[in-house]
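Visitor: Could you look at this predicted model? Sequence included:
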Amino acid sequence: MRILIVEDEHKIANSIKQGLQQEGYISDVAYTGTEGYDLASSEPYDLIILDLMLPGLTGLEITTKLRQAENHIPILILTAKNELEDKLRGFDYGADDYLTKPFAFTELLARTRALLRRPKNLSSEELTCSDLTMNIKTFTVTRNGQTIDLSKTEFSLLEYLLRNKNTVITKERLIEHVWNYDADILPNTVEVYIGYLRSKIDKPFRHQPRLIKTIRGFGYKLEEPNV
């Protein structure tokens, strides 16, 4: 598998390259958006790890140009911007997944493997768990065909749980990936928002399995029934 890393921070780019090579992936690095686009449009890569803020072409401009050229190589966006609107813009432009800086290499590796396993024709617009469906592009959530209204934070929290379904997620990890760095996070903030989600996606659907599980001493898990 051959991966292109487009990142202008040399230390981050080289660290990712080294880590991926240790896992057996062939990796190339571009430090500018222009160089990244030239490589992505001319070489056969299996995945692009793409920063948003780049000299030359931005990450969103690269994504747009590739998709307009019918190049559907999976794109994993790296961004220090963790506002919901920024994430949605990335998906709207054609990205397949995102990872907010700073991140652990183990999570980057897990997302890389997931994207490389994905069938080429699989749409990245919908995330599902049982009868719960989230459409990233239209910012809608339904369960059992019923529309569920969520706040921006609730949507972002549920999105992260869906992207990591059947995996236990700690409170600390949820805070890192759902809330801004300067957000006023109280000790029970995560519990409060998990409660909000339960009241909307579990409690009203008494005849369906409960999807959000508390793993005492560890965190939370959005669990596919019978898994």
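Guide: Here it is on my side, so go on.
Visitor: CA atoms for contacts and neighbours, from now on please.
Guide: Fine.
Visitor: Remind me which helix or strand the nearest residue to residue 21 once chain neighbours are set aside belongs to.
Guide: Leaving aside its chain neighbours, residue 21 sits nearest to residue 27 (6.6 Å; criterion: CA to CA, 6 or more residues apart in numbering). For residue 27, the element it lies in under DSSP states H and E is strand 26-30.
Visitor: ok so, going back, and the residue nearest to residue 21, what does it touch?
Guide: Residue 27 is in contact with 2, 3, 4, 5, 17, 20, 21, counting by CA atoms under 8 Å, 6 or more residues apart in numbering.
Visitor: in its sheet, what does the strand holding residue 27 sit against?
Guide: According to DSSP bridges, strand 26-30 forms sheet pairs with strand 2-6 (parallel).
Visitor: Dump the partner strand to PDB, restricted to CA.
Guide: The C-alpha coordinates for strand 2-6 follow below in PDB (Å, rounded to 0.1, in the frame of the first residue of the first chain):
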ATOM      1  CA  ARG A   2       1.300   3.400  -1.000                       C
ATOM      2  CA  ILE A   3       0.300   6.500   1.100                       C
ATOM      3  CA  LEU A   4       0.900  10.200   0.300                       C
ATOM      4  CA  ILE A   5       1.400  12.500   3.300                       C
ATOM      5  CA  VAL A   6       0.800  16.200   2.500                       C
END
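Visitor: what's the next helix or strand after that strand packed up against?
Guide: Following strand 2-6 in sequence order, the next helix or strand is helix 10-22 (DSSP H and E). Contacts defined by 3 or more CA pairs under 8 Å, 6 or more residues apart in numbering; DSSP states H and E place helix 10-22 against strand 2-6, strand 26-30, helix 105-117.
Visitor: chain center to helix 10-22, what's the gap?
Guide: Relative to its chain's centre, helix 10-22 lies at 20 Å (CA atoms, centre = their mean, to the nearest Å).
Visitor: And the residue nearest to residue 21, how far from residue 208?
Guide: Per CA to CA, to the nearest Å, residue 27 is found 45 Å from residue 208.
Visitor: next one: residue 218
Guide: Distance of residue 218 to residue 208, given as CA to CA: 25 Å.
Visitor: Equivalent analysis for residue 111, please.
Guide: 29 Å.
Visitor: hey, C-alpha coordinates of the strand holding residue 27 in PDB?
Guide: Provided in PDB are the C-alpha atoms of strand 26-30 (Å, rounded to 0.1, in the frame of the first residue of the first chain):
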ATOM      1  CA  ILE A  26       5.300   2.900   1.400                       C
ATOM      2  CA  SER A  27       5.000   6.600   2.200                       C
ATOM      3  CA  ASP A  28       5.800   9.800   0.300                       C
ATOM      4  CA  VAL A  29       5.800  13.300   1.700                       C
ATOM      5  CA  ALA A  30       4.900  16.600   0.200                       C
END
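Visitor: Which element, helix or strand, includes residue 48?
Guide: Per DSSP H and E, residue 48 falls inside strand 47-51.
Visitor: Show me what that strand packs onto, helices and strands only.
Guide: strand 2-6, strand 75-79, helix 105-117.
Visitor: Dump the contacts of residue 27 to JSON lines, plus pLDDT and neighbour count.
Guide: Below are those laid out as JSON lines (pLDDT from 0 to 100; neighbours: other CA atoms under 10 Å):
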{"residue": "2", "pLDDT": "86", "neighbour count": "16"}
{"residue": "3", "pLDDT": "93", "neighbour count": "22"}
{"residue": "4", "pLDDT": "96", "neighbour count": "23"}
{"residue": "5", "pLDDT": "97", "neighbour count": "23"}
{"residue": "17", "pLDDT": "94", "neighbour count": "20"}
{"residue": "20", "pLDDT": "93", "neighbour count": "19"}
{"residue": "21", "pLDDT": "89", "neighbour count": "15"}
